[in-house]
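[1] could you look at this predicted model? Sequence included:
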Number of protein chains: 2
Amino acid sequence: MPGEFELIQRFFHQPTSHTELGAGDDAALIRPRPGMQLAISTDMLVEGRHFFAGADPFLLGWKAAAVNISDMAAMGAEPRWITLAIALPAADEAWIDLLARGFRDCCEAYVVDWVGGDTTRGPLNLCPTIFGELPAGEAIRRDGARHGDDIWISGWPGMAALGLAHLRDGLELVSGWQESCVERLHRPMPRVALGIKLRGLASAMLDVSDGMLGDLSHILERSGVGAVLEETSLPIAPLLAACRRTEHAMSALLSGGDDYELLFTVPREQRGQIEALARKLELPLHRIGRILDKPGLWLQRGNGVAESVEALGFDHFGAS
Amino acid sequence: MPGEFELIQRFFHQPTSHTELGAGDDAALIRPRPGMQLAISTDMLVEGRHFFAGADPFLLGWKAAAVNISDMAAMGAEPRWITLAIALPAADEAWIDLLARGFRDCCEAYVVDWVGGDTTRGPLNLCPTIFGELPAGEAIRRDGARHGDDIWISGWPGMAALGLAHLRDGLELVSGWQESCVERLHRPMPRVALGIKLRGLASAMLDVSDGMLGDLSHILERSGVGAVLEETSLPIAPLLAACRRTEHAMSALLSGGDDYELLFTVPREQRGQIEALARKLELPLHRIGRILDKPGLWLQRGNGVAESVEALGFDHFGAS
């Protein structure tokens, strides 16, 4: 009766630090701290769509955890528990051991308890579900952006897209930058500390998984507002250094996914606090535009002229 | 930028009754009631393994919710919230509308809020994750069975296995029973009310998804005990009526999965309370054996002789 996958389930029995009952029963048992809300999210990863066939299992495990942890960062929640359901075409113990190590390493880096999951035979599919805590009422949603708010983005958006274009399409990258871009693609570092610090400051937030413009438009739609981005404020310098082609750099920046940086809006009175936060976290935070009261999304060029983004068509790296 | 699957995401935006923020943001927000533990479980369903290719999408949606809700029943938890991540080979709106209806109908039947999920392109895969509440410390785990406890099973175990054998292998079933068996396979009814009532009574419990013997052995292993089942106490009558072949009926009963009945152990002093509970819930509860202090699993035949189950090989309907 016990099959090959039962053996593999053992990889899922991980030590936990803040869980009442981990893997091995019909359900895991957790106990949120008093006064806390729970944030819940699930992101499924499919071969050929979210990762290459033949992907390194360690990196794949890391990424599966990271993209889910990033959803917690995007709410201002503290990631606390995670499950992993997985369909595998065959029971390859060495492969799943590496996958489990990557997943666990990412969980440990963010102090997330891996509390169980499911294993079955089928086309390769990873489905983590993540649970985070945050004080009730303090979640940073997508619908709170208001006219006049500054628009901010964290870190180095676009590098993962250059890494993907390098691996998939042979885009040439300057030596030294190549590794950095591929590393960002393979091993995203969710901005959990930043997300938590932005509670009470940011009016709206999400993590950039599909591209800055597309994800920003989610905030605009949900908040019923528009926005203008200032071209001269965009953090394009590292991308230009990496690929030396303005068009590619701009597309990666505006339409590239997979960086899992945080995109957020903040009332302009808090500008100083965001700048102080950047210094404290040693993480660049770029003020790239502002929220408008009328719907639409514009890019203000260096010459002062604002063009509608829809007409620009930055979709080279867009989600297909 | 918005793709066909974004359209489909709209099916996932379901009204909720006890959720602070449902689908559409980076995470759903829930707030467990004070003093409650959360039970978490995830069960992935893959085409060709958990359901036939070409399965009815409404029934598939129902079953995806039901098997996850059943994991809550198996802990004595009240199912409260559920997510659904889904990979689809194509964006067939009519198909997913029916799937969503089946999933939602099952959720509504059990007062579970569907709080979000994920949609992506890939080989068909459904991955719900379920969250239930229960008073802290009252979960019914697998490791609490003790020497002398009675072993109980709810309902009509084995009927789903006969339904599966009928559909897959052409096993002939008596007219009238055929529909009942297929219905049990397609539309399992998790025993949530029973699970909750068994808090403080059952010493160990799980839901039978892989077959009674295999699942019982999980309780025995985790509890460090053995068991004997009494052949004359097994609820085989409806199975015999349905298929009229003792061997098939016995295999379906002991090794058939998919019924999602509850298998549980109770100290024998509580026997009267379990019988009263059966009357109250109008649900047959069968006392089928008892827990032994020595490891192993035996079947006591009508003639009083106990045979080791391992030697019997009831695996016709076992999970492959």
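    In hand now; what should we look at?
[2] could you pull out the helices for the stretch 151-300 of chain A?
    Along the stretch 151-300 of chain A, counting by DSSP state H, counting those that start in this stretch, helices occupy A:159-169, A:177-186, A:192-197, A:212-223, A:237-243, A:246-255, A:271-281.
[3] indicate which one of those is closest to chain B.
    Across the helices of the stretch 151-300 of chain A, chain B has its closest neighbour in helix A:212-223 (4.3 Å, C-beta to the nearest C-beta). (C-beta placed from N, C-alpha, C; glycine too.)
[4] close to chain B: what parts of the stretch 51-200 of chain A are there?
    The stretch 51-200 of chain A comes close to chain B at residues A:71-72, A:74-75, A:77, A:81, A:83, A:85-87, A:115-118, A:120-123, A:125, A:127, A:129-132, A:136, A:139, A:141-143, as judged by C-beta under 8 Å from any C-beta of the partner chain.
[5] re earlier: could the helices of the stretch 151-300 of chain A be laid out in TSV, adding distance to residue B:38, mean neighbour count and mean pLDDT?
    Formatted as TSV, those follow (distance: least, C-beta to C-beta, whole Å; neighbours: other C-beta atoms under 10 Å in any protein chain shown; pLDDT from 0 to 100):
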stretch	distance to residue B:38	mean neighbour count	mean pLDDT
helix A:159-169	33	22	95
helix A:177-186	33	20	94
helix A:192-197	21	22	98
helix A:212-223	28	21	95
helix A:237-243	42	19	96
helix A:246-255	38	22	94
helix A:271-281	31	14	97
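[6] now do the contacts for the residue nearest to residue A:204 when sequence neighbours are not counted.
    In space, and not counting its chain neighbours, residue A:204 is closest to residue A:145: 4.0 Å by C-beta to C-beta, 6 or more residues apart in numbering or on different chains. Residue A:145 sits next to A:203, A:204, A:219, A:220, A:223, A:225, A:227, A:265, A:291 when contact means C-beta atoms under 8 Å, 6 or more residues apart in numbering or on different chains.
[7] what of residue A:35?
    Contacts for residue A:35 (C-beta under 8 Å, 6+ apart) come out as A:135, A:136.
[8] next one: it from residue A:159, what distance?
    Distance of residue A:35 to residue A:159, computed by C-beta to C-beta, to the nearest Å: 38 Å.
[9] check residue A:17 too.
    For residue A:17, the distance to residue A:159 - C-beta to C-beta - is 32 Å.
[10] hang on, the earlier thing: quick check: the residue nearest to residue A:204 is in a strand.
    No. Counting by DSSP: H, G, I helix; E, B strand; the rest coil, residue A:145 is not found in a strand; it is coil.
[11] next one: phi and psi at it?
    Here is the backbone geometry of residue A:145 (degrees, to the nearest 10): phi -70, psi 140.
[12] residues touching the residue positioned nearest the centre of chain A, list them.
    With distances taken as C-alpha atoms, centre = their mean, chain A has residue A:260 as the residue nearest its mean C-alpha position (2.7 Å). By C-beta under 8 Å, 6+ apart, residue A:260 lies in contact with A:66, A:67, A:70, A:73, A:188, A:189, A:190, A:191, A:207, A:208, A:209.
[13] let's see if you can find the most crowded of those residues.
    Neighbour count (other C-beta atoms under 10 Å in any protein chain shown) singles out residue A:73 as the most crowded of these, with 31 neighbours.
[14] could you check how far that one is from residue A:221?
    Distance, residue A:73 to residue A:221, by C-beta to C-beta: 21 Å.
[15] ok, residue A:170 - contacts?
    Residue A:170 touches nothing, counting by C-beta under 8 Å, 6+ apart.
[16] before we move on, what about residue A:183?
    With contact set as C-beta under 8 Å, 6+ apart, residue A:183 has these partners: residue A:163.
[17] let's see it at 7 Å
    Contacts for residue A:183 (C-beta atoms under 7 Å, 6 or more residues apart in numbering or on different chains) come out as none.
[18] same check on residue A:198?
    A:76, A:140, A:205, A:264.
[19] ditto for residue A:178
    residue A:166.
[20] now do the strands in the stretch 51-200 of chain A.
    A:78-88, A:113-121, A:125-135, A:150-154 (DSSP state E, counting those that start in this stretch).
[21] who are the packing partners of the first one?
    In terms of contact count using 3 or more C-beta pairs under 7 Å, 6 or more residues apart in numbering or on different chains; DSSP states H and E, strand A:78-88 is assigned the packing partners helix A:57-73, helix A:93-109, strand A:113-121, strand A:125-135, strand B:36-42, strand B:125-135.
[22] same thing with the shortest one?
    Other elements packing on strand A:150-154 under the criterion 3+ C-beta pairs under 7 Å, 6+ apart are strand A:262-266, strand A:285-292.
[23] by how many degrees do it and helix A:57-73 diverge?
    Here strand A:150-154 points in a direction 160 degrees away from that of helix A:57-73 (axes from the mean of the first three to the mean of the last three C-alpha atoms, to 10 degrees).
[24] and strand A:150-154, how far out from the chain's middle?
    Remark: strand A:150-154 is offset 15 Å from the chain centroid, using C-alpha atoms, centre = their mean, to the nearest Å.
[25] next: the first one.
    Relative to the mean C-alpha coordinate of its chain, strand A:78-88 is positioned 15 Å out (C-alpha atoms, centre = their mean).
[26] and the angle for it with helix A:57-73?
    Using the same axes, to 10 degrees: strand A:78-88 against helix A:57-73 is 140 degrees.
[27] in the sheet, which strands lie alongside strand A:78-88, parallel or antiparallel?
    strand A:113-121 (parallel), strand A:125-135 (antiparallel) (DSSP bridges).
[28] so which of the ones you listed is the most surrounded?
    Highest mean neighbour count of the strands paired with strand A:78-88: strand A:125-135, a mean of 27 (counted as mean count of other C-beta atoms under 10 Å in any protein chain shown).
[29] what's the burial count for the nearest residue to residue A:308 once chain neighbours are set aside?
    Spatial nearest neighbour of residue A:308, chain neighbours left out: residue A:298 (5.9 Å); criterion: C-beta to C-beta, 6+ apart. Residues contacting residue A:298 under the criterion other C-beta under 10 Å number 20.
[30] next: residue A:136.
    With other C-beta under 10 Å as criterion, residue A:136 counts 13.
[31] go on, residue A:224?
    Neighbours of residue A:224 (other C-beta under 10 Å): 11.
[32] could you do residue A:99 as well?
    Around residue A:99 there are 26 residues (other C-beta under 10 Å).
[33] I figured it hits residue A:59, correct?
    No. The pair residue A:99 / residue A:59 is not scored as a contact, 9.4 Å apart, by C-beta atoms under 7 Å.
[34] tell me who's in contact with residue A:266.
    A:149, A:150, A:152, A:201, A:202, A:203, A:274.
[35] show me the shaky parts of chain A.
    The model of chain A has pLDDT under 70 over residues A:1-9, A:311-320.
[36] could you redo the last one with a cut-off of 50?
    A:1-2, A:315-320 (pLDDT under 50).
[37] domains of it?
    Listed domain ranges for chain A are A:4-13+A:22-135, A:150-306 (source: automatic domain parsing).
[38] which of these sits closest to residue B:107?
    In terms of C-beta to C-beta, the element of the domains of chain A nearest to residue B:107 is domain A:4-13+A:22-135, at 14.9 Å.
[39] still on that earlier bit, how close does the residue nearest to residue A:204 sit to chain B?
    For residue A:145, the distance to chain B equals 13 Å [C-beta to the nearest C-beta, to the nearest Å].
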